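Peer 1: next one to model:
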Amino acid sequence: MFETLTDKLGSVFSKITSRGVLSESDIDGAMREIRIALLEADVSLPVVKNFIAKVKEQALGEKVVRSIQPGQMVVKIVHDELVKLLGDESCALNLNAVSPVVILMVGLQGSGKTTTSAKIAGKLKKNKKVLMASLDIYRPAAQEQLEQLGKQIGVATLPIVKGQKPQEITKRALQDAKNGVYDVLILDTAGRLHIDAELMKEVKEIKEISNPSEVLLIADALIGQDACNVAKEFNEQIGITGLALTRIDGSSRAGAALSMKMVSGVPIKFWGTGEKLDEIEEFHADRIAGRILGQGDVVSLVEKAMEKVDKEETEKMAAKMMKGHFDLNDMLSQLRQMQKLGSMGSIISMIPGLSKFKNQIEQAGIGDNLIKKQEAIILSMTKKERTNPDIIKASRKKRIALGSGVEVHEVNKLLKSYEQMSTMMKQMGKFGGMSGLAQMMKRNPMNNMFGGFNKRF
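Peer 2: Numbering: from 1, shown residues only. All right, here's what the predicted structure looks like:
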């Protein structure tokens, strides 16, 4: 989502951080380029003006001008102002009300309310008993869609009763939630293609009946500057407590995320990072500011790894590594664990210093397609070949290549990568765990997984 903006801001900062002294004209030029970058990213003009004014005021201060590294000071100022712009308050949901806590989902049609309802329910069900109810009687099969999503994530949904109005469904949902001793009730309201009086009247009535702890506006990140108008209207007429952005993995230019919080005055609480039901993250302004400025987001990466990676499988792998054992079944397991963390692009953007190499990495063929291709190659092998790769000679390589739809040289590449990883594992066992890994990585960093990354860059 932030790729274009990150690239442009990176270009601006590389100019000013390379200079030992910054003049007022240097700072003016940098502010002008940052202004253009933000406008091209679809950030609304009032937000850009306010942001640039605050940054410039601090950047021209005596503390920056006389600093040993004035360029780095400007970068820090931009980072801090981005955090304030995105919202430095807590992004956590208010779940402290008397049960059932009601979360009301509102927004325009097509913004992703139903899917986001299921995603949030999926996150909450780990610690809460959740019930979902669809109030959308207008869109064909909308209620059935929420019912199916509930089955996929293992969350209960309110039984569908045809002919009931949204207000009646709300009352029934509240009663069922109380009777079933549910902790959280998520109400998925209907949307319209545009804001109209009928939509607002209905949502207001539902809000009065349900008395929600949270009213989340679900907004499509792809709608650009119009997102500000949507946020402003919903907040003024209904009163929202938070925002949830969807489709941030698309080709959006990030304007919605940078504008909506300031215009609406409420925090962004969630953003959907993909189409899968587990691809949603809590929104942390400081982490997002780090991603925008190409500084990575290690905290989110670690949290994602802790949540997605199979702990038991990882412990088994660690035990084998300590003994120096590693075969192609283990390599397949590692590839699948990586896929759970998300796309290669999203992982790279979270690692400090690597985001600037993202395009080169993709051009080098090191990405999601490579991982899928390597998985297909291993799956085309027999059990014996996976546990004893040394037996894979020319005739077997041809068969494996044919079975996985690749060329023989790509099978050779995978086996080469395996040999490097296997050597690393044996080294770890020999030197006693992580110290062995550290020594290997000093001699041959990044080569082990992808076979020659450093040589390319």
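
Peer 1: contact partners of stretch 9-25?
Peer 2: 26-27, 30, 33-34, 37, 60, 64-65, 69-72, 74-75, 78, 292-294, 356 (CB atoms under 8 Å, 6 or more residues apart in numbering). Just so you know, the C-beta spots here come from the backbone N, C-alpha and C atoms, and that holds for glycine as well.

Peer 1: what about 6 Å?
Peer 2: Stretch 9-25 has contacts (CB atoms under 6 Å, 6 or more residues apart in numbering) with 30, 33, 34, 37, 70, 71, 72, 74, 75, 294.

Peer 1: and the end-to-end length of stretch 171-191?
Peer 2: End-to-end distance for stretch 171-191, by CA to CA, to the nearest Å: 19 Å.

Peer 1: neighbouring contacts of it?
Peer 2: Counting by CB under 6 Å, 6+ apart, residues outside stretch 171-191 touching it are 99-109, 113-114, 117, 121, 124, 128-136, 138, 146, 158, 203.

Peer 1: if we use 7 Å, what do you get?
Peer 2: For stretch 171-191, contacts defined as CB atoms under 7 Å, 6 or more residues apart in numbering pick out 95, 99-109, 111, 113-114, 117, 120-121, 124, 128-139, 146, 158, 166, 170, 203, 206, 209-210.

Peer 1: nearest residue to residue 392 in space, please, no chain neighbours.
Peer 2: residue 385 (5.5 Å; CB to CB, 6 or more residues apart in numbering).

Peer 1: that neighbour and residue 393 touch, don't they?
Peer 2: No: applying CB atoms under 7 Å as the test, residue 385 and residue 393 come out as separate, 10.3 Å apart.

Peer 1: more neighbours, the two?
Peer 2: residue 385 (18 against 8; other CB atoms under 10 Å).

Peer 1: now for residue 32, how many residues are close by?
Peer 2: 12.

Peer 1: can you check the pLDDT for it?
Peer 2: Looking at residue 32, its pLDDT is 92.

Peer 1: next structured bit after the helix or strand hosting it?
Peer 2: Assigning secondary structure by DSSP states H and E places residue 32 in helix 24-40. Scanning forward in sequence from helix 24-40 by DSSP H and E, the next helix or strand is helix 45-59.

Peer 1: any idea how far residue 242 is from residue 94?
Peer 2: According to CB to CB, to the nearest Å, residue 94 stands 9 Å off from residue 242.

Peer 1: who has more neighbours out of the two?
Peer 2: Counted by other CB under 10 Å, residue 94 and residue 242 do not tie: residue 242 has more neighbours, with 22 against 14.

Peer 1: tell me which residues touch the more buried one, please.
Peer 2: Taking CB under 7 Å, 6+ apart, one finds 214, 216, 266, 267, 269 in contact with residue 242.

Peer 1: again with residue 212
Peer 2: 102, 103, 104.

Peer 1: so the first one makes contact with residue 210?
Peer 2: Yes: shown here, residue 102 and residue 210 form a contact pair, counting by CB under 7 Å, at 4.8 Å.

Peer 1: okay, now the unreliable bits of the stretch 1-150 of the chain?
Peer 2: 1-3, 62-68, 88-90 (pLDDT under 70).

Peer 1: mind listing the helices for it?
Peer 2: For the stretch 1-150 of the chain, the helices defined by DSSP state H, counting those that start in this stretch cover 3-17, 24-40, 45-59, 62-65, 70-86, 113-124, 142-153.

Peer 1: hang on, the earlier thing: shared neighbours of residue 94 and residue 242, anything?
Peer 2: Common neighbours of residue 94 and residue 242 (criterion: CB under 7 Å, 6+ apart): residue 214.

Peer 1: give me the domain ranges for this protein.
Peer 2: The chain breaks down by automatic domain parsing into domains covering 3-86, 101-293, 301-456.
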